[in-house]
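Colleague: Turn this into a model:
(chains A, B, C and D)
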Protein chains: 2
Amino acid sequence: MASIHDVAKEAGVSVATVSKVINHYPDVSEKTRKKVKNAIELLRYRPNVIARGLVTGRSWTVGVLINIPFTNPYVSMLLEGIKTALENSGYDLMRLSARLNDPGYSFVDHCQSRNLDGVVVFGVEKDHHSIQELIESGIPTMFVDMDATGQRAGNITTENRNGVHMAVRHLYELGHQRIAYLAGVPGQPVNESRLAGYRDGLETSSIPYREDYVVNGDYSYDSGIQGMRMLLQLDQPPTAVVCTSDMAAFGVIHAIEAHGLSVPGDISVVGFDNIYEAELFKPGLTTINQNIHAIGVKSIEELISMIKSAEYPPPVVTEPSSLVIRESTARYSEQ
Amino acid sequence: MASIHDVAKEAGVSVATVSKVINHYPDVSEKTRKKVKNAIELLRYRPNVIARGLVTGRSWTVGVLINIPFTNPYVSMLLEGIKTALENSGYDLMRLSARLNDPGYSFVDHCQSRNLDGVVVFGVEKDHHSIQELIESGIPTMFVDMDATGQRAGNITTENRNGVHMAVRHLYELGHQRIAYLAGVPGQPVNESRLAGYRDGLETSSIPYREDYVVNGDYSYDSGIQGMRMLLQLDQPPTAVVCTSDMAAFGVIHAIEAHGLSVPGDISVVGFDNIYEAELFKPGLTTINQNIHAIGVKSIEELISMIKSAEYPPPVVTEPSSLVIRESTARYSEQ
DNA sequence: CTGAAAGCGCTTACAG
DNA sequence: CTGAAAGCGCTTACAG
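Modeller: Predicted structure coming up:
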């Protein structure tokens, strides 16, 4: 690879001048600019981003810390949005091999040693020490689905509470009264918001809250199966269940069918996410749509704004959710 | 962030000595090593990977060029394998915002300007000029599902041909004679191998090849729908169809059911990939299993071996495939 | 065993 | 408008 020195020599100017041409400084005569451009062309010179970063302090790299498997559809869609937003931004994306479980490991150190310009974080526990360190570090950060903020840290999430509220109302309007909720991981912000939405829905429907109708899980297919099994063992099983994820809803449906019942004939099921498979699955899944792709896009757009200006206020954004009605919910009918 | 100079000053030694301690050179007295280590501890010093890379020429970064949406389950699983293999390797992963459609763009330049140590490529057309450039560049490369090699470029793929062969044999053994093949994109190595496997299967079953039983697609759900519609319009539609991907198989099943027929009652369907959803889908999809995760892992392991030693011969590896029988295939029965 | 110096490929005041 | 020099944070012969 040709270096800036080679270009300077070829063009018969100093490296400082070459640098000015590369960076579009105005104070270069048209004549030398031409000479330099020709030399660049001739040598197929490309500035070394790494070396540049060493002096400017910018790496044109944003990092992602995603502590959830890529095979999770939510993660895929988020990443796809992130990728899209990055496409013509000049930034590349770095996935850090973070050793979050190693006590001697510091995520902030890792970012700094890589010179990252900013980072988006998803799927890390809020009380992991890295989160606080990150906020204090001053590294521009966007948290996805985590209500943390800082001098240079914003966040973005879906209208979780209202989403579940809508789902419960939908079931209520279909005549259901025994509506259960398959929750996520207690303590996680997303889980708390959705749980609140569940209670909102019951309240506006004048349905009393029953503790045995709320079971926790981890958003996975298997946790849907486990949770539903518990609900089916109740003396008075629910006639409808709202789930905190589509994958969990698939598990729930599986458990219901394995139990000899049908969806929506015997029990109605609502998911959350609206992943691609929700439409393909049988029955088609009624679910709360999240604009996950948009969340990915916006997280990057906002992050880049923060990177570009230290004055840009860290945003807190909420993406709307909406109810998508398919075949997994039906009017309640006494058997 | 403390720099090596700060540490040197704190420890009362030269930066060269600090460097030696960091890099575990043996020729440092135990006493000074202690002093330096203490200073490092005290200042919470972490070497700047970027600066180090500038002089060593190594960035401890491997790049991925993946020209397929992350939402594609194959891509997710591949990435998950890549991530796993990278976990404790010391390498981080960079996803380049490659502008492959921009004629002025050079992927190799991009890699070099980022100082990447190696790269894994997936989903790029073999005749894209970047491929040849990459091979010639000498940048250690692993191609996934593309039979390209070079001085420093190897590849890894699934036993595609035998996989489809097995699928056809399975159907033949179930009594099927009219077996169609929903192919991928003509010209792509993977497609050609699988198509050859289809022909192998017909041949070993003494079934004549019919051109109208092979229709092309692009691996997507929609292309499955389109392809199956064409097959259903034939005077003599097939009684079984082998698909080049699970997503396409889902589309095929959808088209069959929309046409008023059932799977496997009227038509048997086999997929390829064995993505997570193949098991959840109804009917459970009979499919060819690919060890996608293993491909991701091995692509990185081999890549790192190539990076570590210029003498390491670029590998050509083939992962075994296997037939997973579920509910979408059944014995042929005259209606 | 230790350190001064050159250098990796750039940018940035600053002087002219 | 142009360029010499210092410096970003490191490593690497090399001399002592």
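Colleague: ok and the residue in the stretch 151-300 of chain A nearest DNA strand D?
Modeller: A:Arg152 (19.2 Å; C-beta to the nearest atom of the strand). (C-beta placed from N, C-alpha, C; glycine too.)
Colleague: Mind pulling the model confidence for that residue?
Modeller: As summarised for this prediction, A:Arg152 has a pLDDT of 96.
Colleague: these two touch, right, it and A:Glu136?
Modeller: No - A:Arg152 lies out of contact with A:Glu136 (C-beta atoms under 8 Å); the separation is 9.9 Å.
Colleague: Looking at those two, which is more packed in?
Modeller: More neighbours surround A:Arg152 than the other of A:Arg152 and A:Glu136, with 20 against 13 (other C-beta atoms under 10 Å in any protein chain shown).
Colleague: sorry, back to before: who's in contact with the residue of the stretch 151-300 of chain A closest to DNA strand D?
Modeller: A:Gly138, A:Ile139, A:Pro140, A:Thr141, A:Met306, A:Ala310, A:Pro314 (C-beta atoms under 8 Å, 6 or more residues apart in numbering or on different chains).
Colleague: And the fourth one, how far from A:Val119?
Modeller: I take that to be A:Thr141. Taken as C-beta to C-beta, to the nearest Å, the spacing of A:Thr141 relative to A:Val119 amounts to 5 Å.
Colleague: Could you tell me which residues touch both of those two?
Modeller: Overlap between the contact sets of A:Thr141 and A:Val119, as judged by C-beta under 8 Å, 6+ apart, is given by A:Leu134, A:Leu303.
Colleague: where does chain A come near DNA strand D, residue by residue?
Modeller: With C-beta under 7 Å from any atom of the strand as the criterion, chain A meets DNA strand D at residues A:12-17, A:20, A:26-29, A:31-33, A:51, A:54-55.
Colleague: Any quick PyMOL command for the buried ones out of those?
Modeller: The following PyMOL selection, which keeps only the buried ones among the residues of chain A next to DNA strand D, applies the criterion 16 or more other C-beta atoms under 10 Å in any protein chain shown:
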select buried, chain A and resi 13+17+20+28+32+33+51+54
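Colleague: Where does the stretch 151-300 of chain A get nearest to DNA strand C, which residue?
Modeller: In the stretch 151-300 of chain A, the residue that lies nearest DNA strand C is A:Arg152 (20.7 Å; C-beta to the nearest atom of the strand).
Colleague: whoops, the stretch 201-335 of chain A was the one
Modeller: A:Lys308 (14.2 Å).
Colleague: circling back to that earlier point, buried subset of the contacts of A:Arg152?
Modeller: Once neighbours are counted (16+ other C-beta under 10 Å), the buried part of the contacts of A:Arg152 comes down to A:Ile139, A:Pro140, A:Thr141, A:Met306, A:Pro314.
Colleague: Got the confidence number for the third one?
Modeller: Spelled out, that is A:Thr141. A:Thr141 carries a pLDDT value of 98.
Colleague: residues near A:Phe171, how many?
Modeller: For residue A:171 the amino acid is Leu, not Phe. A total of 29 residues lie near A:Leu171 under the criterion other C-beta under 10 Å.
Colleague: Okay, and it sits in which element?
Modeller: In this structure, A:Leu171 is located in helix A:160-173 according to DSSP states H and E.
Colleague: Can you tell me what sits against that helix?
Modeller: Contacts with helix A:160-173, where a contact means C-beta under 8 Å, 6+ apart, come from A:179, A:181, A:190, A:193-198, A:200-202, A:204-205, A:207, A:240, A:242, A:268, A:270, A:272, A:286, A:288, A:290, A:321-323, A:325, A:329.
Colleague: Sort out for me which of those residues are in strands.
Modeller: The strands, defined by DSSP state E, take in A:Ile179, A:Tyr181, A:Ala240, A:Val242, A:Ser268, A:Val270, A:Phe272, A:Thr286, A:Ile288, A:Ser322, A:Leu323 from the contacts of helix A:160-173.
Colleague: So what pairs up with A:Ile156 in the strands?
Modeller: According to DSSP bridges, the residues that bridge with A:Ile156 are A:Val144, A:Val317.
Colleague: what about it, distance to A:Pro315?
Modeller: A:Ile156 sits 7 Å away from A:Pro315, going by C-beta to C-beta.
Colleague: the more surrounded of those two?
Modeller: Regarding A:Ile156 and A:Pro315, a neighbour count based on other C-beta under 10 Å identifies A:Ile156 as having more, with 23 against 18.
Colleague: So the more buried one sits against A:Pro314, correct?
Modeller: No - taking contacts as C-beta under 8 Å, A:Ile156 lies outside contact range of A:Pro314: 10.6 Å.
Colleague: any weak-confidence spans in chain A?
Modeller: By pLDDT under 70, the low-scoring segments of chain A are A:335.
Colleague: any idea what sits nearest A:Ile139, other than its immediate chain neighbours?
Modeller: In space, not counting the residues next to it along the chain, A:Ile139 is nearest to A:Cys111; the distance is 5.6 Å by C-beta to C-beta, 6 or more residues apart in numbering or on different chains.
Colleague: What's the local residue count around that neighbour?
Modeller: Residue neighbour count, defined by other C-beta under 10 Å, stands at 26 for A:Cys111.
Colleague: So which elements touch the helix or strand that it is a member of?
Modeller: Counting by DSSP H and E, the element that carries A:Cys111 is helix A:107-113. Here helix A:107-113 is seen to pack against helix A:129-137 when contacts are counted using 3 or more C-beta pairs under 8 Å, 6 or more residues apart in numbering or on different chains; DSSP states H and E.
Colleague: ok, and does the helix it packs on reach over to chain B?
Modeller: No - Helix A:129-137 lies out of reach of chain B by C-beta under 8 Å from any C-beta of the partner chain, never closer than 9.9 Å.
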